[in-house]
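>>> One predicted model, sequence on top.
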Amino acid sequence: VQLVESGGGSVQAGGSLRLSCTASENVVRTYCMAWFRQAPGKKREGVAAIGSGKTYYSDTVKGRFTISQDKAKNTIDLEMNGLRLEDTAMYYCASEPPSDGYCFPVVSAYTVWGQGTQVTVS
């Protein structure tokens, strides 16, 4: 499986961006799909995940970000509103078969990653 992210860019604080991740195979329908981010000098952290009919969000983005999936297009999106300076990071898409029906956005649980797309908030 290959994952390709798009939609990153520069935005002012308080603004919005929408990231997309396209999978090369039909995995969105059955796999866990997640968004992670990594700021310079910091560890990669989970942002949101979707799968098995559930969505998960980190506390730092809950209420501001929304993850969604389009099974027909094999894509997942991350709608980001109310962006803050601390949201600046490289954002990565990842996928993995679900474990026990859960799809938490935990870095160690995912083995397939995209190349990332940069989000800069100023």
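In hand now; what should we look at? Residues are numbered from 1 along each chain as shown.
>>> from the chain's centre, how far out does stretch 33-45 sit?
9 Å (CA atoms, centre = their mean, to the nearest Å).
>>> Ok, stretch 88-105 next?
The answer for stretch 88-105 is 7 Å, by CA atoms, centre = their mean.
>>> Then stretch 47-61?
9 Å.
>>> Then stretch 58-70?
8 Å.
>>> neighbouring contacts of that stretch?
28, 33, 35, 45-50, 55, 57, 75-83, 86-87, 105 (CB atoms under 8 Å, 6 or more residues apart in numbering). To be clear about C-beta, it is placed using only N, CA and C from the backbone, and glycine gets the same treatment.
>>> now it: mean pLDDT?
Across stretch 58-70, pLDDT averages out at 96.
>>> for that stretch, how far is the first residue from the last?
End-to-end distance for stretch 58-70, by CA to CA, to the nearest Å: 22 Å.
>>> please begin residue numbering at 357 from this point
OK, 357 is where the count begins now, so the last one is stretch 414-426.
>>> list the buried ones in it?
Residues 414, 417, 421-423, 425 are the ones in stretch 414-426 that count as buried (16 or more other CB atoms under 10 Å).
>>> Also stretch 464-472?
For stretch 464-472, by 16+ other CB under 10 Å, it's 465-466, 468-470, 472.
>>> Of the buried residues of stretch 414-426, which belong to helices?
With DSSP state H as the criterion, helices contain none of the buried residues of stretch 414-426.
>>> any chance of these in a markdown table, with distance to residue 453 too?
A markdown table is the format used below for the buried residues of stretch 414-426 (distance: CB to CB, whole Å):
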| residue | distance to residue 453 |
| --- | --- |
| 414 | 22 |
| 417 | 24 |
| 421 | 24 |
| 422 | 24 |
| 423 | 18 |
| 425 | 15 |
